[in-house]
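*Asks:* attaching a predicted model along with its sequence, questions to come.
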Amino acid sequence: MSREAVLVNSEWVEEHLSDPNVVLVEVDEDTSAYEKGHIRGAIRLDWKNDLQDPVRRDFVNKEQFEQLLSSRGVGNDNTVVLYGGNNNWFAAYAYWYFKLYGHADAKLLDGGRKKWELDSRELTSEQPNRETTSYRANGPDLAIRAFRDEVVEAIGSLNLVDVRSPDEYAGRLLAPAHLPQESAQRGGHIPTASNIPWSKAANDDGTFRSDEELTKLYSGAGVDFDTDTIAYCRIGERSAHTWFVLHELLDQPNVKNYDGSWTEYGSLVGVPIAVGDDPGQA
Amino acid sequence: MCGAKVGGLSLEGVDVDNQSVIQGVVITADEQPVSGAYVRLLDRTGEFTAEVPTSATGHFRFFAAPGAWTLRTLAPKVDPVDRAVEASRGSVAEVLITI
């Protein structure tokens, strides 16, 4: 994948606002952000209500994903452009999710909602009206999704990349600091994981750094590009951002996102945990 | 709705005793609240820890850990503004940011 194939800028989006083949999709943590204003024509996906099973902790299945996209008017041939708040964390999560179910042409809006707002570009509260489709998904591509057992297996052998902030990695915080610090799980990180915060991959305005800067960032922090990589964070949204960087921008073949992330790992009985600023031993 | 003043953000429902809260309001030079600005919380090494957009009344809030932090505020058409703040458990650090 080249950067051009997976990333568009605000100018590109403005030029394609009336393109019927382009579907803009806003995905936010704060799901009310869309109602306050969104890019003209954008539909909303709710990362929790739309993309998670309502009972079990898991994704919606293939049939539910097909129903969801069909009802929102997304076609298999559409170019899906995802954007959102939190520096595109949840948009990157949705991007990864679209790829999990085999959507061919998905892109991220570089800088997401923040860059769009900081540029004072137009937002509207008008609801788009898209005709329903008959969307067909592929079975989930588990080559890009990691589960807990393989994460435990990966300790000391694969690249484990903890993309949370240094204070969360060390165990001084249990959640990103815009959320209350209340949590059942233990603090710390998976032993041997490097701490490469997602934010190092982005500029202050939320746009991605250059490929050269990104390559230097990960290799400089100990990621061996000849070895498979698993990225994780707290619930898998920030690590989807890093998965996007490694797998889509830097073209690394074997990169998985562990969406169970720290809320699962930090609650497992009997697994090793490292605390403090050092990776720790296998 | 609260006005654009320090301490204007209600702490109802927040367990302040067990949190290290940093909150405040972003205003313009003529004291108008700035909604939709982005406030970034940076740790003692300058690394990003969290970010929130300001509310309709210009307010923001973080749940930090005790220690020294920096708030970096981004808003359209102005240069970023950095403010140092100290957080401690069981208290609320109130910050007024003028851009």
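*Replies:* Arrived safely.
*Asks:* chain A contacts on chain B?
*Replies:* B:14-15, B:18-20, B:36, B:38, B:40-41, B:43, B:45, B:47-53, B:61-65, B:72, B:74-77, B:80 (C-beta under 8 Å from any C-beta of the partner chain). No exception for glycine: its C-beta is placed from N, CA and C like everyone else's.
*Asks:* weed out the non-buried ones from those residues.
*Replies:* B:14, B:19-20, B:36, B:38, B:40-41, B:43, B:48-53, B:61-65, B:72, B:74-75 (16 or more other C-beta atoms under 10 Å in any protein chain shown).
*Asks:* wait, A:Tyr83 touches A:Ile39, no?
*Replies:* Yes - contact criterion C-beta atoms under 8 Å: A:Tyr83 and A:Ile39 qualify, at 7.1 Å.
*Asks:* need the overlap of contacts for those two.
*Replies:* A:13, A:24, A:26, A:116 (C-beta atoms under 8 Å, 6 or more residues apart in numbering or on different chains).
*Asks:* so for the last one, what's the nearest residue that isn't a sequence neighbour?
*Replies:* Just to be clear, that refers to A:Trp116. A:Ser10 (5.7 Å; C-beta to C-beta, 6 or more residues apart in numbering or on different chains).
*Asks:* about what we covered before: restricted to strands, list the buried ones among the residues of chain B next to chain A.
*Replies:* B:20, B:38, B:40-41, B:48-53, B:61-64, B:72, B:74 (DSSP state E).
*Asks:* chain B contacts on the stretch 101-250 of chain A?
*Replies:* A:114, A:117-120, A:165-167, A:172-173, A:175-182, A:197, A:199-200, A:204-205.
*Asks:* just the ones of these in helices?
*Replies:* A:114, A:117-118, A:166-167 (DSSP state H).
*Asks:* run through the neighbouring helices and strands of the host helix or strand of A:Asn257.
*Replies:* A:Asn257 is part of strand A:255-258, with elements assigned from DSSP states H and E. Contacts defined by 3 or more C-beta pairs under 8 Å, 6 or more residues apart in numbering or on different chains; DSSP states H and E place strand A:255-258 against helix A:148-154, strand A:229-232, helix A:238-243.
*Asks:* could you dump the ones you listed to a markdown table with mean neighbour count and mean pLDDT?
*Replies:* A markdown table is the format used below for these (neighbours: other C-beta atoms under 10 Å in any protein chain shown; pLDDT from 0 to 100):
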| stretch | mean neighbour count | mean pLDDT |
| --- | --- | --- |
| helix A:148-154 | 15 | 98 |
| strand A:229-232 | 27 | 98 |
| helix A:238-243 | 30 | 98 |
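*Asks:* pLDDT below threshold where in the stretch 101-250 of chain A?
*Replies:* A:184 (pLDDT under 70).
*Asks:* before I go, just wanted to say thanks for your time.
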